[in-house]
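Peer 1: What shape does this take:
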Amino acid sequence: EEISWVHHASVSRVLPGEIWVRVEERVPVAFLWSPRGASLIDGEGVVLDAPPETYFNLPVVRGVTLSEKDDTRRAKLQRLVSFMETVKGVSQSGADQVSEVNLADSRNLRAIVSQDDHSVLLHFGDELFAERFQTYQARIGEWRRQFAEMQSIDLRYEGQAAIHSAGAEAVRVDSPGTKPVQAKPAAKAPATADRKSTRLNSSH
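Peer 2: Take a look at the predicted model:
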């Protein structure tokens, strides 16, 4: 159990002369970028060395550090797992499009979703993940036709979405034909990521 990839191990003796060793491995749920490079991290916040020449189709997690307390990191990763499971419940293909999740703000989970060479930053807040992802999926085609160079969509507001493109707009989500109205300018979105899978080369 001192090996990072081993979640639990047990040893039992089976008479007359056998010993059984049962090993439960940890399951990585995301990539973690740290000063030592790209690592894998599981749902309990345990950082794992990547096996050599291995491919994983996982999102990148940000807002998680190696210096924070284990309990804090574990809580953040459990939040990530809950979010991804919720999104998968809405759409497996949609979950596969989540390339990055930022957990720095406990009140606002942010995710970068990549589709057809387009990436957009989504603000989910801290609740109603399924409903807000459904809204995104139902309206993204319409919004892309309506707004050029869309950078971020804030889904935290009931009945409307705040879209940051060339200018900030607020659009109703309960009536597709409603004319957009001006909203307060949103902060500029960070650079987006379109990586959905990563190959790790490790000498370990």
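Peer 1: how about low-confidence regions in the chain?
Peer 2: Applying pLDDT under 70 to the chain flags the ranges 167-170, 172, 174-204.
Peer 1: Buried residues of the top helix by length along the chain, list them for me.
Peer 2: Counting residues, the longest helix found in the chain (DSSP state H) is helix 70-90. For helix 70-90, a neighbour-count test (16 or more other Cβ atoms under 10 Å) marks 73-74, 76-77, 79-81, 83-84, 86-87, 90 as buried. Backbone N, C-alpha and C define where each C-beta goes, glycine included.
Peer 1: With stretch 37-56 instead?
Peer 2: For stretch 37-56, the neighbour count (16+ other Cβ under 10 Å) marks 39-48, 50 as buried.
Peer 1: Could you do stretch 129-136 as well?
Peer 2: 129, 132-136.
Peer 1: Is the nearest residue to G89 once chain neighbours are set aside in a helix, a strand, or coil?
Peer 2: Nearest residue to G89, sequence neighbours excluded (Cβ to Cβ, 6 or more residues apart in numbering): A130, at 6.4 Å. The three-state label given to A130 by DSSP: H, G, I helix; E, B strand; the rest coil is helix.
Peer 1: show me the contacts for A130.
Peer 2: Contacts for A130 (Cβ atoms under 8 Å, 6 or more residues apart in numbering) come out as 86-87, 89-90.
Peer 1: between the buried residues of stretch 129-136, which is nearest V11?
Peer 2: Distance to V11 across the buried residues of stretch 129-136 (Cβ to Cβ) is lowest for F129, with 40.9 Å.
Peer 1: Tell me the spacing between the closest residue to that closest one other than its chain neighbours and V6.
Peer 2: Leaving out its chain neighbours, the residue that sits closest to F129 by Cβ to Cβ, 6+ apart is T86, at 4.5 Å. Relative to V6, T86 is positioned 29 Å away (Cβ to Cβ, to the nearest Å).
Peer 1: Check E24 too.
Peer 2: E24 is 7 Å from V6, by Cβ to Cβ.
Peer 1: Leaving out the residues flanking it, which one is nearest to Q134?
Peer 2: Distances taken as Cβ to Cβ, 6+ apart put V90 closest to Q134, at 5.7 Å, once the chain neighbours are dropped.
Peer 1: residues in contact with that neighbour?
Peer 2: So V90 contacts 130, 133-134, 137 (Cβ under 8 Å, 6+ apart).
Peer 1: Tell me where the protein has helices.
Peer 2: With DSSP H, the ranges of helices along the chain come out as 70-90, 92-96, 129-146.
Peer 1: how about CSV for the ones you listed, with distance to V60 added?
Peer 2: Compiled in CSV, the helices of the chain are given as follows (distance: least, Cβ to Cβ, whole Å):
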stretch, distance to V60
helix 70-90, 11
helix 92-96, 14
helix 129-146, 18
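Peer 1: Just to check, D96 is in contact with N57?
Peer 2: Yes. Contact criterion Cβ atoms under 8 Å: D96 and N57 qualify, at 7.1 Å.
Peer 1: Between those two, tell me which one has more neighbours.
Peer 2: Just comparing D96 and N57: by other Cβ atoms under 10 Å the higher neighbour count belongs to D96, 17 against 9.
Peer 1: so how far is S39 from that one?
Peer 2: As judged by Cβ to Cβ, D96 and S39 stand 21 Å apart.
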